[in-house]
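Trainee: Sequence and predicted structure, then a few things I'm wondering about:
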Amino acid sequence: MKRAGIEWSRRDVLRMAALGGVHAMTGAVNARAAGKRTLGVQLYTVREQLKGDPRDVLAAIAKIGYKTVELGRAEAPTLVPIAREVGLRAASAHLEAALVTGQWGPAVAAAKFMKQPPPDQSVTLERALGDLRGLGIEYAIVAYLQPTERGRDAAAYERFADQLNRAGEQGRKAGVTIGYHNHGFEFAPLPDGRRPIDILFDRLDPVLATLELDVFWAAITGADPVPLIKAHAKQIKLLHLKGLRRGAATQTDEAKVPHPDFVDVGSGSQDFPAILAAADRAGINQLFVEQDHTPGDPLASLQKSYAYLESLA
């Protein structure tokens, strides 16, 4: 069978049919043929290895086949030039929530608890965005809200969404897209029955701010990432891919998730063919593999995840 000059074997047709029929088959293949899906690594996966020789680690990631990386804002000036040398593009950086909310207290307390250097409170959002753009980074994603930063009611998350929209206006001027990365707590109902994730989807202006959907954290709460992607295609521009152990208990508190619940992409319970097909149809072109915890060498885990994802191409 041929389409657009591509020869399909019977195996190809059967595999693509597993993505949801002929429509998914043509959509996913056309997206791949156009080179739209880019696999990257969130460097939190190799945080311990980077304490050694960063160049060796980044070169190993590039050798596996990954094309992009996502990293922390503070480490970007050091790691982006090295990434370029080995053929990786830094597409996204995780951003401190305080740069959007203006509230540094939780970040200071968290750094003290973790016995880390205190955050530089002199950095402004405008300066941070300018620095990231100068490094060629396209996305600036608020990575996490500390427990003390999280709202207890819907109004608090509405205010946070408005803050993200305002930050997004600055981002547009700087040429960087502002976004937010979910964990599990955003799927826990608030007193009025709504979930923070729903408020963010409802209130974020897709022209100004995006959402980086972590399919592991969505799935472990009992949510299915596929309908989320389909329903909010305009707002989700990036995905985090990580495997969820089969039989893992449902949980919205990320601090209570056992390390063994994190597995290689394709080794757990999620339907990744369906997730990728939905992402292709939604035009989500940047996917980052992230393993918060691995039983062995994180680079070996990244290799397994890459091999599996490429087998779905």
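Mentor: Everything's here; your move.
Trainee: so where's this structure shaky on pLDDT?
Mentor: Scanning the chain for pLDDT under 70 picks out 1-35.
Trainee: Counting residues, name the longest helix you see in it.
Mentor: Longest helix in the chain, counting residues (DSSP state H): helix 154-174.
Trainee: centre of the chain versus that one, how much separation?
Mentor: Offset of helix 154-174 from its chain centre (CA atoms, centre = their mean, to the nearest Å): 19 Å.
Trainee: for the residue most central in space within the chain, what are its contacts?
Mentor: Taking CA atoms, centre = their mean, the centroid of the chain lies closest to H240, which sits 3.4 Å from it. By CB atoms under 8 Å, 6 or more residues apart in numbering, the contact list for H240 reads Q42, H181, E212, L213, D214, V215, F216, W217, L287, F288, V289, E290. To be clear about C-beta, it is placed using only N, CA and C from the backbone, and glycine gets the same treatment.
Trainee: Would you confirm that the second one contacts I141?
Mentor: This points to H181. Yes - taking contacts as CB atoms under 8 Å, H181 lies within contact range of I141: 5.1 Å.
Trainee: what touches both of the two?
Mentor: Joint contacts of H181 and I141 (CB under 8 Å, 6+ apart) are H94, E212.
Trainee: residue boundaries of the strands in the stretch 151-300 of the chain?
Mentor: Applying DSSP state E, counting those that start in this stretch to the stretch 151-300 of the chain gives strands spanning 177-181, 209-214, 236-241, 243-244, 262-263, 286-289.
Trainee: quick one: the third one to strand 209-214, angle?
Mentor: Orientation check (axes from the mean of the first three to the mean of the last three CA atoms, to 10 degrees): strand 236-241 against strand 209-214 gives 20 degrees.
Trainee: Could you pull out the helices in this structure for me?
Mentor: Counting by DSSP H, the helices of the chain are 10-17, 22-33, 54-64, 76-85, 98-101, 105-113, 125-134, 154-174, 196-203, 215-220, 225-231, 272-282, 298-311.
Trainee: quick one, the third one and helix 76-85 angle?
Mentor: Right, the one you point to is helix 54-64. Relative orientation of helix 54-64 versus helix 76-85 (the same axes, to 10 degrees): 50 degrees.
Trainee: what comes up buried for helix 54-64?
Mentor: Using 16 or more other CB atoms under 10 Å as the burial criterion, the residues of helix 54-64 that qualify are P54, V57, L58, A59, A60, I61, A62, I64.
Trainee: isn't the second one right next to V46, touching?
Mentor: It refers to V57. Yes - the pair V57 and V46 passes the contact test of CB under 8 Å, sitting 5.3 Å apart.
Trainee: what residues are shared contacts of those two?
Mentor: Taking CB under 8 Å, 6+ apart as the contact rule, V57 and V46 both touch L299.
Trainee: now L58: how far from G52?
Mentor: Computed with CB to CB, to the nearest Å, the distance linking L58 and G52 is 12 Å.
Trainee: give me the beta-bridge partners of L238?
Mentor: E212, Q286 (DSSP bridges).
Trainee: what about it, neighbour count?
Mentor: Here the number of neighbours of L238 (other CB atoms under 10 Å) works out to 25.
Trainee: Check which residues of stretch 126-140 are buried.
Mentor: For stretch 126-140, by 16+ other CB under 10 Å, it's A128, L129, G130, D131, L132, R133, L135, I137, E138, Y139, A140.
Trainee: Contacts only, for the nearest residue to the third one once chain neighbours are set aside.
Mentor: In space, G130 comes closest to A174 once its chain neighbours are excluded; the distance is 5.7 Å by CB to CB, 6 or more residues apart in numbering. Each residue near A174 by CB under 8 Å, 6+ apart is listed here: E126, L129, G130, L132, R133.
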